[in-house]
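Participant: Provided below for reference: sequence and predicted model.
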Amino acid sequence: MSADSASTPRASTGRPALDRLLVDFDAGRKAALARAVSIVENHRPGFDVLASALHPQLGRARRIGVTGPPGAGKSTLTTQLVRGWREAGLTVGVVAVDPTSPFTGGALLGDRIRMESVALDPGVFIRSMATRGSLGGLASATRDVCDVLDAFGFDIILIETVGVGQSELDVARTADTTVVVLVPESGDSIQTLKAGVMEIADLFVVNKADRPGADRLRNDLELMLGLRSGATLRDVPAHHGVDLKALGAADREAMRDAMNPARAARKAAGEAEPDDWTPAVLRTVAAQGEGVVEVSDAIARHGGYLERSGELQNRRRQRLRERVREAVERKVADRLWHHLGTVEWLEARLPELEAGITAPFHVADALLARSGHLVAGVPDAAAAPHDAVDASGNHPGASS
């Protein structure tokens with residue numbers, strides 16, 4: 001699918017099987033895409049080599065996150081958005097995350113079933129993933145899978161979260177644009193005060209807007225947005241001692257906005273090329289296709305704002321920064337806890353912990369002091385002696 005990658009010779013990874021996979025991947029073969037996704041999703045041997053080989057091809061896709069409570073109609077809205085983008089000639093990759101059972105470890109992965117009407121489109125690729133215990137609404141490997149789809153050449157990557165409630169904020173760190181889908185049944189107006197949900201949203205969608213309470217929910221959201229942004233009191237003239245009749249049209253308009261924060265937020269969200277982004281609050285009946293075009297237009301408008309303001313680069317840099325931190329934490333954890341000597345050493349400290357002789361923090365310091373060579377990736381045989389470390393992390397006889 002990616003013409004650029006297909007025309008540029010790729011350096012060998014040193015692994016013949018991966019090299020053959022990359023040849024098929026660069027040729028746009030969906031079977032190779034599916035295999036690559038499975039490798040990085042399950043962290044199979046060589047997944048980091050594959051991810052590194054694909055990294056230079058990242059950055060072309062626009063990543064859209066869709067989150068919200070269960071039953072809000074996220075999959076229905078996603079399907080409608082995908083259909084519209086395909087009609088516009090854009091290719092779409094979808095990553096749909098479903099919850100994992102805490103009892104069996106399995107997952108239904110039903111989002112693909114709900115998106116059946118677009119699943120067979122050759123310009124659409126849908127990958128269902130299980131959270132596997134990860135909190136925050138996304139599976140731990142979601143970003144890795146998104147990178148593979150980006151490298152394959154999809155124009156848009158749509159990430160649908162598991163829908164677990166107010167804790168699923170990871171999507172804002174994964175997507176360029178985050179859409180929060182709510183329904184009148186989501187709760188009363190106090191739900192709009194949930195700081196995390198309010199702050200991650202670049203766009204609000206009140207779905208199932210043909211139900212009672214939809215207008216109230218939309219107004220509550222716009223009211224909170226107007227108050228949060230401070231736009232309601234911007235450019236408002238001081239009124240003490242001012243003849244209101246003498247005010248110009250612009251000042252009267254500012255006064256009306258100050259008296260009606262929801263109106264101010266709606267007006268700010270409707271600007272064609274805003275300097276500051278105020279999330280729009282849109283009504284949809286996704287099952288009927290109503291309001292979906294407006295949502296797609298708002299997503300495009302937000303994309304334009306991100307590029308003009310430089311915020312797109314900021315968000316992607318932050319994403320790269322977090323990816324490096326995640327990779328470091330994963331490597332350190334693997335090197336420590338897959339080392340038999342470390343596990344045995346920790347087991348030997350448990351009686352001291354149980355007796356209150358030492359504390360977990362002291363043991364942690366001691367463990368890091370004796371395991372620095374593992375963190376650095378140095379084999380045991382090449383490391384300096386490290387066994388003579390007490391539970392406080394000190395070498396016996398060392399100067400205090």
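Facilitator: Done, it's in.

Participant: What is the end-to-end distance of stretch 346-364?
Facilitator: By CA to CA, to the nearest Å, the extent of stretch 346-364 from end to end equals 9 Å.

Participant: From residue 309, how far out is residue 281?
Facilitator: Using CB to CB, to the nearest Å, we find residue 281 at a distance of 21 Å from residue 309. For the C-beta atoms, the positions are set from N, CA and C on the backbone; glycine is no exception.

Participant: Residue 130 now?
Facilitator: Counting by CB to CB, the gap from residue 130 to residue 309 is 36 Å.

Participant: Let's verify residue 150: helix, strand, or coil?
Facilitator: helix (DSSP: H, G, I helix; E, B strand; the rest coil).

Participant: pLDDT weak spots in the stretch 1-150 of the chain?
Facilitator: Flagging of the stretch 1-150 of the chain using pLDDT under 70 yields the residue ranges 1-8, 99-114, 131-140.

Participant: go on, the stretch 151-300 of the chain?
Facilitator: Applying pLDDT under 70 to the stretch 151-300 of the chain flags residues 162-169, 186-197, 228-262, 269.

Participant: which residues in it form helices?
Facilitator: Counting by DSSP state H, counting those that start in this stretch, the segments of the stretch 151-300 of the chain that form helices are 171-174, 195-200, 214-229, 249-259, 261-269, 292-309.

Participant: how about JSON lines for the ones you listed, with mean neighbour count and distance to residue 351 added?
Facilitator: Output for these, formatted as JSON lines (neighbours: other CB atoms under 10 Å; distance: least, CB to CB, whole Å):
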{"stretch": "helix 171-174", "mean neighbour count": "21", "distance to residue 351": "41"}
{"stretch": "helix 195-200", "mean neighbour count": "15", "distance to residue 351": "42"}
{"stretch": "helix 214-229", "mean neighbour count": "20", "distance to residue 351": "53"}
{"stretch": "helix 249-259", "mean neighbour count": "15", "distance to residue 351": "67"}
{"stretch": "helix 261-269", "mean neighbour count": "21", "distance to residue 351": "61"}
{"stretch": "helix 292-309", "mean neighbour count": "17", "distance to residue 351": "56"}
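
Participant: Please identify which of those helices is closest to residue 347.
Facilitator: Across the helices of the stretch 151-300 of the chain, residue 347 has its closest neighbour in helix 171-174 (35.8 Å, CB to CB).

Participant: Minimum distance to residue 349: which of the helices of the stretch 151-300 of the chain has it?
Facilitator: Closest of the helices of the stretch 151-300 of the chain to residue 349 is helix 171-174, at 35.2 Å (criterion: CB to CB).

Participant: And residue 312, how close does it get to residue 53?
Facilitator: Remark: distance between residue 312 and residue 53 (CB to CB) = 25 Å.

Participant: Equivalent analysis for residue 115, please.
Facilitator: For residue 115 relative to residue 53 (CB to CB), the value is 30 Å.
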